[in-house]
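Novice: Need a 3D model of the following:
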Amino acid sequence: MKPASLSSFLVQVLFAWQSAHSQSPLGSDSESPSTRYGLVPDPSITVSTPLFSDLERLARLVDISYCIGNTGVHKPFDCLSRCKEFPRLVLKTTWSTGMLLGDSCGYIALDRGNREAGDSDKLRPVSREIEDGAIVVALRGTYSIANAVADLSMAPQEYMPYPAPGDDNEDHPGGKETSPGTKHHRCDNCTVHMGFWQSWQSARKTVLPELKALRTKYPTHRIQLVGHSLGGAVACLAALELKLSLGWDNVVATTFGEPRVGNYQLSRFIDWAFDLDGTSGLEQRSYRRVTHNGDPVPMLPLEEWGYRPHGGEIYISKRELQPAEEDVRVCVGDSDPSCSAGLQVPLLEDVRRLFRFVPSSTSTQQFVAAGEKSLPTRFKLWQLFFAHRDYFWRLGLCVPGGDPANWGRGRFDQEEFYEL
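Specialist: Have a look, this model is predicted:
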């Protein structure tokens, strides 16, 4: 049985996750990954301090995107959330293509680099994009319950990584004007999630012209794509187009809670495009797919529906906020058993059991109503989204300092960070 909408996959699976853990309070520390899953991550390849710092910084940048469609992000770089933490960023544009989950929201900003006094990142290890400058493209995920229950087709469609017939040469170089090798970038038998593809098609009308203009002006700046949830899937498709169709080499994608984008052939194509198959230089990969203990979305859509994960995974083993460096590890391959593929097997089985008992005729409204009745009264529907939102910080609330639960917590132990 294949569900009819992304609303089913997000809402149903989060009900399943909560049902499996309804004997203890949400976010309880009483059960460690080793006792729940019988496995613990290999500590030998935990992330370095610079990579940890970069990922935490990018999580805050994508958190800002949740202000779009709410109170907004304004020039020069101002918002109700974390914008003041990034005084070296300059907003270039924002977009919001609609209220439905299938539509896209995000912003593009110029990171001027060369940090100055007053930058909240000044105590953190220097990364290339902070020193040399970067063009940041941040893509928002699901913002609210209304977003999550909005219908979005899960049917796959053929994926073509090269210009489609009828596209103009300015947007999609083709024929003799194509970048070297572009015509040979075929993805045989590849399929992509139709809703994710449509979201990128909506966003690219704003994103591509702005990126081309900025890249012409700042040719040495790295293109830093960052997305959460649905935004992670869109960032994946955007990164493929920038790298292959446009031939841009300085593209780095970082996603948090990215769902599976397509079938096995597409996952292998992504691995090839971003060189994710190797076992060396793992921290230097140009694609970082961040997952964490308890988040079911990176395991969806299910394998039996024809979807597969791609490589580049970085796994956060600590379930509750906030993780430390020893809780974050670099994974090898598409399905490293020491990462989400192995450590979350019971959660995946809970998901499969749920879908077997959900009739295909059940509407989203019927399922939500039934699920709410079955949940303990101490749980609220919005709490079910925490597992999918907890990446270094609780993402998705456009309020000063991020989620109120983080207030007074500080950005980790900043005295431990220093310029290298």
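Novice: how about the strands of this structure, start to end?
Specialist: Secondary structure of the chain, counting by DSSP state E: strands at 73-74, 78-79, 89-96, 105-111, 134-139, 156-158, 191-193, 222-228, 251-256, 287-292, 313-316, 328-330, 390-391, 393-394.
Novice: Which of those comes out lowest on mean pLDDT?
Specialist: Of all these, the minimum mean pLDDT falls on strand 156-158 (a mean of 89).
Novice: For that one, buried residues please.
Specialist: Pro156 (16 or more other C-beta atoms under 10 Å). All C-beta spots, glycine's among them, are computed from the backbone N, C-alpha and C.
Novice: in its sheet, what does that strand sit against?
Specialist: Strand 156-158 has these partner strands in its sheet, going by DSSP bridges: strand 191-193 (antiparallel).
Novice: And the strand it pairs with, what's buried?
Specialist: Neighbour-count burial for strand 191-193 [16+ other C-beta under 10 Å]: Thr191, Val192, His193.
Novice: Make JSON lines out of the strands of the chain and add distance to Thr49.
Specialist: Putting these into JSON lines (distance: least, C-beta to C-beta, whole Å) gives the following:
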{"stretch": "strand 73-74", "distance to Thr49": "29"}
{"stretch": "strand 78-79", "distance to Thr49": "28"}
{"stretch": "strand 89-96", "distance to Thr49": "23"}
{"stretch": "strand 105-111", "distance to Thr49": "20"}
{"stretch": "strand 134-139", "distance to Thr49": "20"}
{"stretch": "strand 156-158", "distance to Thr49": "40"}
{"stretch": "strand 191-193", "distance to Thr49": "35"}
{"stretch": "strand 222-228", "distance to Thr49": "19"}
{"stretch": "strand 251-256", "distance to Thr49": "17"}
{"stretch": "strand 287-292", "distance to Thr49": "16"}
{"stretch": "strand 313-316", "distance to Thr49": "14"}
{"stretch": "strand 328-330", "distance to Thr49": "11"}
{"stretch": "strand 390-391", "distance to Thr49": "18"}
{"stretch": "strand 393-394", "distance to Thr49": "18"}
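Novice: These: which one's closest to Thr216?
Specialist: strand 134-139 (11.2 Å; C-beta to C-beta).
Novice: in its sheet, what does the closest one sit against?
Specialist: Under the rule (DSSP bridges), strand 134-139 has strand 105-111 (antiparallel), strand 222-228 (parallel) as partners.
Novice: so the first one versus strand 89-96, what angle?
Specialist: With axes from the mean of the first three to the mean of the last three C-alpha atoms, to 10 degrees as the criterion, the two stretches strand 105-111 and strand 89-96 enclose an angle of 160 degrees.
Novice: Pull strand 105-111 out as PDB, backbone CA atoms only.
Specialist: What follows is strand 105-111 as a C-alpha-only set of coordinates in PDB (Å, rounded to 0.1, in the frame of the first residue of the first chain):
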ATOM      1  CA  CYS A 105      10.300  29.100   1.200                       C
ATOM      2  CA  GLY A 106      13.800  30.300   1.800                       C
ATOM      3  CA  TYR A 107      16.400  33.100   1.500                       C
ATOM      4  CA  ILE A 108      19.700  33.900  -0.200                       C
ATOM      5  CA  ALA A 109      22.300  35.800   1.700                       C
ATOM      6  CA  LEU A 110      25.900  36.900   1.100                       C
ATOM      7  CA  ASP A 111      28.400  35.900   3.800                       C
END
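Novice: pretty sure Thr191 is touching Trp197, no?
Specialist: No. With contact defined as C-beta atoms under 8 Å, Thr191 does not count as touching Trp197 (9.7 Å).
Novice: now the helices: where do they sit in the stretch 201-350 of the chain?
Specialist: Along the stretch 201-350 of the chain, counting by DSSP state H, counting those that start in this stretch, helices occupy 230-240, 264-273, 340-343, 345-356.
Novice: Let me know the average pLDDT across the shortest one.
Specialist: Translated: helix 340-343. Across helix 340-343, the average pLDDT comes to 77.
Novice: I'd like to know which elements it is packed against.
Specialist: helix 33-37, strand 313-316 (3 or more C-beta pairs under 8 Å, 6 or more residues apart in numbering; DSSP states H and E).
Novice: what pairs with the last one, and is each one parallel or antiparallel?
Specialist: In other words, strand 313-316. Strand 313-316 has these strand partners (DSSP bridges): strand 287-292 (parallel), strand 328-330 (antiparallel).
Novice: what residues are up against Cys83?
Specialist: By C-beta atoms under 8 Å, 6 or more residues apart in numbering, the residues touching Cys83 are Ile64, Val73, Phe77, Leu89.
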